[in-house]
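Engineer: Generate coordinates for the sequence data below:
(chains A, B, C and D)
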Number of protein chains: 4
Amino acid sequence: MGKDIGDKFCRWYTASVRVRYQESDQMGVVYHANYLNWFEIGRTEMIRELGISYRSMEDQGVLLPVTDLDMKFSQPARYDDEITIFTRMTAFSKLRIGYAYEVRRLSDEERGLLFQKQYSEEHELPGELLVSGSTSHVWVNREWQPVRLDKGAPGLYIALEQSLSGGGDR
Amino acid sequence: MGKDIGDKFCRWYTASVRVRYQESDQMGVVYHANYLNWFEIGRTEMIRELGISYRSMEDQGVLLPVTDLDMKFSQPARYDDEITIFTRMTAFSKLRIGYAYEVRRLSDEERGLLFQKQYSEEHELPGELLVSGSTSHVWVNREWQPVRLDKGAPGLYIALEQSLSGGGDR
Amino acid sequence: MGKDIGDKFCRWYTASVRVRYQESDQMGVVYHANYLNWFEIGRTEMIRELGISYRSMEDQGVLLPVTDLDMKFSQPARYDDEITIFTRMTAFSKLRIGYAYEVRRLSDEERGLLFQKQYSEEHELPGELLVSGSTSHVWVNREWQPVRLDKGAPGLYIALEQSLSGGGDR
Amino acid sequence: MGKDIGDKFCRWYTASVRVRYQESDQMGVVYHANYLNWFEIGRTEMIRELGISYRSMEDQGVLLPVTDLDMKFSQPARYDDEITIFTRMTAFSKLRIGYAYEVRRLSDEERGLLFQKQYSEEHELPGELLVSGSTSHVWVNREWQPVRLDKGAPGLYIALEQSLSGGGDR
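Structural biologist: The predicted model follows:
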């Protein structure tokens, strides 16, 4: 039947940050590298909502470094803004994971509605688009060598796959 | 006559950094966002070699924010590594600038040879490739609105164009 | 009558952060400089609770740089920890502001109780102490010259003084 | 007898950094937490001049976290400034190390003279003082427990002590 909202691959997950003083630069806007931290917060909180923590992944000896990324800057975030990060998983296999992101500035009203509504790939997202991007990741072990997740951390693989394939929505 | 080594568009410029402790993360490697700082150092030092400082650009009211970027991660840099950033300009107009980068780890011997040799687009670069990428930038004024550089800062435009079109090699 | 809990000079205000991946270093703990960001979040959120935003201060042309600070490190924070920053104002005049901080790791239960209880100087704070410290600040204008707040931004001075001297508790 | 220039405890060591764009904030100056990175560069380069690298210390299982620090801010550093960090060891034992720092902005001429002259505790240092401070450190193992350096890494202890007690100047 395809892309219903239960499909984690089309659902956007959300996380929020308040822009820190250090994240500003002398142009009076957020320094561009900082959005990568927010992307990381977006995927970490998405995974947490699925019931899994990055910290516990690493405790099992599985790391998930970035192999590729791209970013497109539309409008700058500024100090003290409340920012919403929309994160969506775009790929998941025994070898790799991919994510897409939109960093947006929402009105208080729009933020209040976030908890009432789920956004999927087809929806237009609320608020003003600041930055969009994507990251690709590969599973490696502590020696930085690629691992098949179903071999390297089978319990984690099953948990991720189950949470992604349906039922376990919050 | 094409791409001789005097053509700034095919020449790689170099800058070096020693990896700082804060740039490491708990994977024991450099956190991926930090390479964007090094890209910035690469383009700043390239422009400085052409005789122009970013600081003086901003003093003239012209800012150069990033509009797009991509990065590809091959091998991680580690704390205390000496890293060489190769930077090349790939586009220059009244409206925008583009750069390509390769972040590489060179042996002491390879670093010693850097000052004897100029690398152009066709050369294979020395050392081990860690990260490659590109950034695009657009000229804006302090109100964050696009400006044509030849109108907004004509002296700067002429200086950049002359240094790029030949003669003014260091 | 002295130090009742309405006295802002003895009340601890709280703010929370989740430790970010980038804030870890290769020792597997938070890099020590990052606690200064958390101190800043602590004082920003304290001021916000008093009804004033740092951003609006700067919009009025008044900056508040750090002149002195000290830090004492007891236990390290780690990636993904939920951290509570306790902040207390220790000095306020037309010329300067001082703050004290304790960064602590609380259990979920202890965090849940934070909203039911106010802590003053005499209380022992909940959770495990990680880092304590203090910062001193002076009011300056955009040219980085000292200003008397009652002259430079009289409305702000009155608002701060009133919120500190009582009534305006949330 | 006493404090001759060969005494490492009174000699200032120097290191230089160029201020990075990311280190600026929207006040147009360096964000205060960044000076702690420069302090770290100062002590790392001092130790390197003594013939020892922090990286090799960690490879021997000995970590050196900060336990206390203080900072005093006199003048702000700005983007693109060339900054000189003066570092001096103030304490060294089997249990702990202490350092003092002065971050200064030197003229080109003053920087040129750095290599001709050694500065000890009694000298007035050249250039404009921006930030001064001190850090204290304790030797710990990977489990973050205090170690006596002469037990935990005897070779390192002997090397450090010898280099500090004289002869081994570069």
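
Engineer: Would you verify that A:Ile157 is located in a helix?
Structural biologist: No, residue A:157 isn't Ile; it's Tyr. Yes - assessed by DSSP: H, G, I helix; E, B strand; the rest coil, A:Tyr157 belongs to a helix.

Engineer: which ones are touching it?
Structural biologist: The neighbours of A:Tyr157, taking Cβ atoms under 8 Å, 6 or more residues apart in numbering or on different chains as the test, are A:Lys94, A:Leu149, A:Asp150. C-betas here are computed from N, CA, C, even on glycine.

Engineer: Check which helix or strand the first one maps to.
Structural biologist: Translated: A:Lys94. Using DSSP states H and E, A:Lys94 sits within no helix or strand.

Engineer: With the last one instead?
Structural biologist: Using DSSP H and E, the secondary-structure element containing A:Asp150 is helix A:149-152.

Engineer: then that helix to PDB, C-alphas only?
Structural biologist: Output for helix A:149-152, consisting of C-alpha atoms alone and laid out as PDB, is shown next (Å, rounded to 0.1, in the frame of the first residue of the first chain):
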ATOM      1  CA  LEU A 149      25.000  -4.600  11.600                       C
ATOM      2  CA  ASP A 150      23.200  -8.000  11.700                       C
ATOM      3  CA  LYS A 151      26.500  -9.600  12.500                       C
ATOM      4  CA  GLY A 152      28.100  -6.900  14.600                       C
END
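
Engineer: List the contacts of it.
Structural biologist: Helix A:149-152 is contacted from outside by A:Gly61, A:Val62, A:Lys94, A:Leu95, A:Trp139, A:Asn141, A:Leu156, A:Tyr157, A:Leu160, using Cβ under 8 Å, 6+ apart.

Engineer: Nearest to chain D among these?
Structural biologist: Distance ranking of the contacts of helix A:149-152 against chain D, using Cβ to the nearest Cβ, places A:Gly61 first at 16.7 Å.

Engineer: what's the burial count for the closest one?
Structural biologist: Each residue near A:Gly61 was counted by other Cβ atoms under 10 Å in any protein chain shown, and the total is 13.

Engineer: try A:Gly51
Structural biologist: For A:Gly51, the count of nearby residues is 12 (other Cβ under 10 Å).

Engineer: how close does the closest residue to A:Ile85 other than its chain neighbours get to chain B?
Structural biologist: Using Cβ to Cβ, 6 or more residues apart in numbering or on different chains and skipping the chain neighbours, the partner closest in space to A:Ile85 is A:Gly42 (3.8 Å). Noted for A:Gly42: a distance of 14 Å to chain B, by Cβ to the nearest Cβ, to the nearest Å.

Engineer: these two touch, right, A:Gly42 and A:Tyr101?
Structural biologist: Yes - A:Gly42 is in contact with A:Tyr101 according to Cβ atoms under 8 Å; the separation is 5.5 Å.

Engineer: any common contacting residues for these two?
Structural biologist: Taking Cβ under 8 Å, 6+ apart as the contact rule, A:Gly42 and A:Tyr101 both touch A:Ile85, A:Phe86, A:Thr87.

Engineer: The last one: which element?
Structural biologist: Under the assignment given by DSSP H and E, the secondary-structure element containing A:Thr87 is strand A:82-92.

Engineer: Scan chain A for its longest helix.
Structural biologist: Among the elements of chain A assigned as helix by DSSP state H, the one spanning the most residues is helix A:34-49.
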